[in-house]
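Visitor: Below is the sequence, then the predicted model.
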Amino acid sequence: MDQVHREFKTPAETAELLRLHKNTVYRYLREGVIKGTKLVGAYWLIPAEEIERILKEGATTSQATVAYPAEATKLSPTERMQQLTS
């Protein structure tokens, strides 16, 4: 994909797409679970490819991940993080 025309999403848009709370997206960005680019101040941009990767991994995983938030609430935060990073 042409670097000049890459599509990016804000943390709020990413949260909506992944059905997560916006603060969770910020935490995942800080921890490196979600890859993004931090700009001046606290402003982040997440490549659309990263969101697609998370959704694809979630759709192919037998247990809940970020793509299945209702099921993911049954998991502890540690178990959920392990799924996201594996």
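Guide: Yep, it's here.

Visitor: Which positions in the longest strand anywhere in the chain come out as buried?
Guide: Ranked by residue count under DSSP state E, the longest strand found in the chain is strand 44-47. Across strand 44-47, burial judged by 16 or more other CB atoms under 10 Å covers 44, 45, 46, 47. Glycine gets a C-beta too; all of them are placed from N, C-alpha and C.

Visitor: Now do the strands in this protein.
Guide: Per DSSP E, the chain has strands spanning 8-9, 37-38, 44-47. These are given in chain order.

Visitor: What is the neighbour count of residue 10?
Guide: Residue 10 sits with 15 neighbouring residues when counted by other CB atoms under 10 Å.

Visitor: oh sorry, the question was meant for residue 51
Guide: Other residues near residue 51 number 20, with proximity taken as other CB under 10 Å.

Visitor: cool, residue 27 as well?
Guide: Applying other CB under 10 Å, I find that residue 27 has 15 neighbouring residues.

Visitor: cool, and residue 40?
Guide: For residue 40, using other CB under 10 Å, the count is 5.
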